[in-house]
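Q: coords please:
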Amino acid sequence: MAADSPSLSGPLPEAHLHGPLAAAQPPLGLRERKKLKTRIAIRRATYRLIGEQGYEATTVEQIAEAAEVSPSTVFRYFPTKEDIVLTDEYDPFMETALRARPAGEEPLESLRLVMKQAVAALLEHEPEEMRQRARLMAEVPAVRARMSETMAETSQLLSRVLADRTGRAVDDLEVRVFTAAVMGALREVTIHWAERDRQDDLVALVDRAIDTLKGGPSL
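A: Predicted coordinates for the structure are as follows:
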């Protein structure tokens, strides 16, 4: 990252999300805001150090020093270095936005709109982190492997929402397969974007991916 230090003065997710992603989100209490600021400080320090010296050369001890916290604090918030790179604050907002979609809307269209909102917000408010994260997903095997796990966690969260919306059980196979397919598409979109030097319109790529799930590749 280009920043000289992990500043906490930038916009926080609850302040800069708009539209469905911000709907019905209660304000954070003081304790929660402090935790959020700590997570953001650790992430920004990590991205800055990785940008300067590379992923493998960056240690948790260096991250802790740059973020002005202890290594144990880093591990308390992020079990692995890969988690620092991949974790963001958007899952709760996506859950709320998905629950707010019209009841009669097709699930695929609901997920399309929610994911486009999330991607657009990340690109607007955390563009360098988003670009660096995508590059690491494409280039670092450990990050790519952990990405599959974190996306599975997000898929489970969104599956619960879709199960509620459709009146199906939480462990319904069709709901799980459907949501996992959409999250898998988002994974491939992100890697494709990174492999093409992040020059394409990422939101438009999400649209293309959802269209492909809907009708398959054009012949």
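Q: Assign the residue nearest to the spatial centre of the chain to helix, strand or coil.
A: Nearest to the mean C-alpha position of the chain, counting by Cα atoms, centre = their mean, stands Asp88 at 5.1 Å. Here Asp88 is recorded as coil under DSSP: H, G, I helix; E, B strand; the rest coil.
Q: Skipping its backbone neighbours, what lies nearest it in space?
A: Leaving aside its chain neighbours, Asp88 sits nearest to Leu122 (7.1 Å; criterion: Cβ to Cβ, 6 or more residues apart in numbering). The C-beta positions use only the backbone N, C-alpha and C, and glycine is treated the same way.
Q: from what I can see that neighbour touches Met94, true?
A: No - here Leu122 does not reach Met94: they are 11.3 Å apart, not a contact under Cβ atoms under 8 Å.
Q: number of nearby residues for Asp197?
A: 9 (other Cβ atoms under 10 Å).
Q: and what of Phe78?
A: By other Cβ under 10 Å, the residues close to Phe78 number 20.
Q: Show me the contact partners of stretch 53-68.
A: Residues outside stretch 53-68 that contact it (Cβ atoms under 8 Å, 6 or more residues apart in numbering): 5-6, 38, 41-42, 44-46, 48-50, 70-71, 73-75, 81, 84, 136, 139-140, 143.
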